[in-house]
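# Generate a structure from the sequence data that follows.
(2 chains)
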2 protein chains.
Amino acid sequence: MKIAILTIGNELMSGRIADTNSSFIAREANLQGWRVEAMMAVEDDFAAIKSRLDYLLPLADAIICTGGLGPTADDITTEAVAQAFGLPLYKDESVLNHIKDIFAKRNLVWVENNTKQAIFPQGAHIIANPLGTAAGFALNVSGKWIFVVPGVPRETQRMFPEGVIPILRREFPQNELYVARQTIKTFGISEALVDKNLEDIDFAALGVSVGFYPVFPENHVVLVSRQTTAEAAKEKLKLACDEVVVRLNKYIFSYGEETLEEIVAGMLKEKKLTIAVAESCTGGLITNRLTDVPGSSEYLERAAVTYSNAAKISLLNVPSEIIEKHGAVSEETARLMAEGVRKMAGTDLGLSSTGIAGPSGGSEAKPTGTVYLALSDGGQTICRHYVYRWDRKRNKMFFSQAALLMLKNYLEEKG
Amino acid sequence: MKIAILTIGNELMSGRIADTNSSFIAREANLQGWRVEAMMAVEDDFAAIKSRLDYLLPLADAIICTGGLGPTADDITTEAVAQAFGLPLYKDESVLNHIKDIFAKRNLVWVENNTKQAIFPQGAHIIANPLGTAAGFALNVSGKWIFVVPGVPRETQRMFPEGVIPILRREFPQNELYVARQTIKTFGISEALVDKNLEDIDFAALGVSVGFYPVFPENHVVLVSRQTTAEAAKEKLKLACDEVVVRLNKYIFSYGEETLEEIVAGMLKEKKLTIAVAESCTGGLITNRLTDVPGSSEYLERAAVTYSNAAKISLLNVPSEIIEKHGAVSEETARLMAEGVRKMAGTDLGLSSTGIAGPSGGSEAKPTGTVYLALSDGGQTICRHYVYRWDRKRNKMFFSQAALLMLKNYLEEKG
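Below you'll find the model as predicted:
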């Protein structure tokens, strides 16, 4: 079953408001196994709305329109849709009474132009709005379905699943497909190399569609299998997933929707471990990501952003001779920072970063983008060294990503 | 001049990624005085892309396409556009060398399918990509202009203004050659309220076009005046700007393009002041923002993310009795944190945050979203108290914004 989405409103065409309804509807439709054939936005204009509907109608089995159902003069969607299909309008008394009820309950003054929201094209199936006064409607026009719901995102997000999907599932039963989906998250490999590594896999033959999504600094591979039974969908997905895993293995850090910080937070909580962080070049970003997860006080005791050498010496007890001899950006300093912050905080773990985010500060031996990351548990201290070649903000993001991955790998190995 | 926008990508049609490029391009086009006639999204499919281009071409003078310029197999935009207009493809050696340079600089392994990004339709004007490997291009097809830029929002946001607009202005010259532009950045007022406060201003009558840009957590108002003389452009802009300022005064924090952290960094450097930060609920975000600015070691000495009470007590010398009596989230604690971190670091200024980012941890007296921010200079300590109603990550962003604004206002008053 194919659908088209038409979002209606001058505020979209002027760029005043970014459309979020289309992606919501598309996601929901995909989960139903339906295909989104077209997406358009159009202004509040009779001729333009008719033109877009005329274009979309042959492309899809159903058109989902959102927006333009308000009571004001610029809201013309109902009338424009009726005109486009040559349908007369009628006033629905039960909807009118419902709107009047809402006004009474909210102590709002009744203004006659609110009657407009009780006007529908002849033959419309009303779609109730549980949140507001703008009811939606469905029309069957020569076997095609036209749906109209309000443009307010929270109303769309109730009315599409509750009002539109049930009608479409009833009307297009033969197209019910079972969908299985798998996200595979990678880090440390470019989008091009992900693609190159997977190019010998015939996904179509496996009955699976594949998508590549760069979500800086990660690259995600998404596999979707649509089959006539849930078992077949799962089985085909698993076969395709195995093929991907063989090829990307060392870059994969997750198969779920959780963020890296959420994964690490979950592991720390589960193992009841506490952590302290000593950051230099990442400037607080590692800690900021760790504290983006609700309940982070369970595992994060404290962090020190020791930007100056004095701070590294006085707060973390890094000996000044070490900094003089090896430099603030060195494996030695990173290790002592991790050990120092762990001791200072009295936590199970200490994590540190020291490096050069740029744009200046690099040398031949230690170019911009160099980072040393260390993790201490009191028994051992591990250290990793990387050189990235991004700009300052993206270097910081790569540094923090590598630090969180080092922590995740440690926690996994610890079992 | 009329434009159409065509965003291309399976990730849009599956709803996995919400399209933000269309609204960006629409806003920019509106500021140029152009009309957005149509907006569409389409999947990475030859026939579908051709069909949409065929539909859009008669509607507009120029079509702006975004997306599908990556090196992977599913990126087919260049080939699809060439096919749609019956143009052969060629390899651009200078673009190829540029891409190879980027790979070398970033220490990335060259993979032959990256050559794809140097392929263009015959007759294409290359549009440079200052941020990545995907160059865009412009085609003139029987008097209509087709532009193709990458779908990565930060690349679109550079390449549309820098690469596309100049060509369109040259090809569709207007009488109003002199342009004056003013960005007005606000914080603490919603987009809807910005709009409401300005609705009585007749911008068209003032000869100025207006755009609203939500840049979380800020809302920017951009005014553009195009006139036949530079003086007229400046004058009209000033009149419109004055009207906006009268209505939004207390929410405006900047009239420039610099970020808030860049503004604050510039002021600290200029005044040769050093700062240390003590963060609780912001979890490192304030410091992360302060260190996003190159050269931040000039003013940032250190920061402490004192998440636990023990850390507040031992690192910042906040007396435990104060925390017991007033709570960790209190004006008293915030003040002592700012004073404590300043003393510990030996800096001119100490900045602190303590609050409840949520989702849990709130109470009736101190609901989720509560924050206390303090700034100490050794002589005085100022404190601000706010309650925001966002989710955890957005509360953190609001807290950090309010902290940086408090710092900015202090530095301004200090003169």
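
# Helices of the stretch 1-150 of chain A, residue ranges please.
Remark: helices assigned in the stretch 1-150 of chain A by DSSP state H, counting those that start in this stretch are A:10-13, A:21-31, A:46-56, A:77-84, A:93-105.

# how about those helices in a markdown table, adding mean neighbour count?
Where you see a C-beta, it was placed from the backbone N, CA and C, and this is true even at glycine. Below are the helices of the stretch 1-150 of chain A laid out as a markdown table (neighbours: other C-beta atoms under 10 Å in any protein chain shown):
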| stretch | mean neighbour count |
| --- | --- |
| helix A:10-13 | 22 |
| helix A:21-31 | 22 |
| helix A:46-56 | 18 |
| helix A:77-84 | 21 |
| helix A:93-105 | 14 |
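
# Residue B:196 is nearest to which of these?
Comparison of the helices of the stretch 1-150 of chain A against residue B:196 by C-beta to C-beta identifies helix A:10-13 as nearest, at 13.5 Å.

# among the helices of the stretch 1-150 of chain A, which is nearest residue A:402?
Set against residue A:402 and scored by C-beta to C-beta, the helices of the stretch 1-150 of chain A come closest in helix A:21-31, at 30.8 Å.

# can you list the residues of the stretch 51-200 of chain A near chain B?
Neighbours of chain B within the stretch 51-200 of chain A, by C-beta under 8 Å from any C-beta of the partner chain: A:52, A:55, A:190-196, A:199.

# For PyMOL, what selects the buried ones among these?
Command for PyMOL that selects the buried part of those, burial taken from 16 or more other C-beta atoms under 10 Å in any protein chain shown:
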select buried, chain A and resi 52+55+190+191+192+193+194+195+196
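
# Tell me if I'm right that residue A:329 and residue A:370 touch.
Yes. Contact criterion C-beta atoms under 8 Å: residue A:329 and residue A:370 qualify, at 6.2 Å.

# so what sits against both of those two?
Common neighbours of residue A:329 and residue A:370, using C-beta atoms under 8 Å, 6 or more residues apart in numbering or on different chains, are A:355-356.

# Contact partners for the closest residue to chain B within the stretch 51-200 of chain A?
Here the stretch 51-200 of chain A gets closest to chain B at one residue, residue A:195, 3.6 Å apart by C-beta to the nearest C-beta. Applying C-beta under 8 Å, 6+ apart to residue A:195 gives the contacts A:212, B:71-74, B:113.

# and which of the residues you listed is nearest to residue B:378?
Closest approach between the contacts of residue A:195 and residue B:378, by C-beta to C-beta: residue A:212, at 54.0 Å.

# for the helices of the stretch 1-150 of chain A, which one sits closest to residue B:144?
Short answer: helix A:46-56, nearest of the helices of the stretch 1-150 of chain A by C-beta to C-beta, at 18.0 Å.

# tell me the contacts of residue A:362?
Taking C-beta under 8 Å, 6+ apart, one finds A:356, A:368-370 in contact with residue A:362.

# what are the pairing partners of the lowest-mean-pLDDT helix or strand in chain A, and which direction each?
In chain A, the helix or strand scored least confidently by mean pLDDT, DSSP states H and E is strand A:208-215, which has a mean of 80. Strand A:208-215 sits in its sheet next to strand A:218-227 (antiparallel), going by DSSP bridges.

# C-terminal to the partner strand, what's the next element?
helix A:230-248 (DSSP states H and E).

# That next one and chain B in contact?
No. Applying C-beta under 8 Å from any C-beta, one finds helix A:230-248 separated from chain B by no less than 13.7 Å.

# Redo the helices of the stretch 1-150 of chain A as JSON lines? Include distance to residue B:66 and mean pLDDT.
Formatted as JSON lines, the helices of the stretch 1-150 of chain A follow (distance: least, C-beta to C-beta, whole Å; pLDDT from 0 to 100):
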{"stretch": "helix A:10-13", "distance to residue B:66": "16", "mean pLDDT": "86"}
{"stretch": "helix A:21-31", "distance to residue B:66": "15", "mean pLDDT": "87"}
{"stretch": "helix A:46-56", "distance to residue B:66": "20", "mean pLDDT": "96"}
{"stretch": "helix A:77-84", "distance to residue B:66": "27", "mean pLDDT": "97"}
{"stretch": "helix A:93-105", "distance to residue B:66": "40", "mean pLDDT": "91"}
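
# Which one of the ones you listed lies nearest to residue A:122?
Smallest distance to residue A:122 across these (C-beta to C-beta): 7.8 Å, for helix A:77-84.

# can you give me the angle that closest one makes with helix A:46-56?
Helix A:77-84 runs at 60 degrees relative to helix A:46-56, counting by axes from the mean of the first three to the mean of the last three C-alpha atoms, to 10 degrees.

# what about the least confident helix or strand of chain A, distance to the chain center?
The chain centre lies 13 Å from the centre of strand A:208-215; the measure is C-alpha atoms, centre = their mean, to the nearest Å.

# Can I get that strand in PDB, CA atoms only?
Taking C-alpha atoms only, strand A:208-215 is exported to PDB below (Å, rounded to 0.1, in the frame of the first residue of the first chain):
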ATOM      1  CA  VAL A 208      15.900  -6.900   3.200                       C
ATOM      2  CA  SER A 209      16.200  -3.200   2.500                       C
ATOM      3  CA  VAL A 210      19.300  -1.300   3.900                       C
ATOM      4  CA  GLY A 211      19.800   2.300   4.800                       C
ATOM      5  CA  PHE A 212      23.000   4.200   5.800                       C
ATOM      6  CA  TYR A 213      22.600   7.000   8.300                       C
ATOM      7  CA  PRO A 214      25.500   9.200   9.300                       C
ATOM      8  CA  VAL A 215      24.800  10.400  12.900                       C
END
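
# If we go by neighbour counts, what in it is buried?
By 16+ other C-beta under 10 Å, the buried positions in strand A:208-215 come out as A:208-214.

# Repeat that for stretch A:379-390.
Buried-residue list, stretch A:379-390, by 16+ other C-beta under 10 Å: A:381, A:383-384, A:386-390.

# Of those residues, which is the nearest to chain B?
Checking the buried residues of stretch A:379-390 against chain B by C-beta to the nearest C-beta gives residue A:389 as the nearest, at 3.7 Å.
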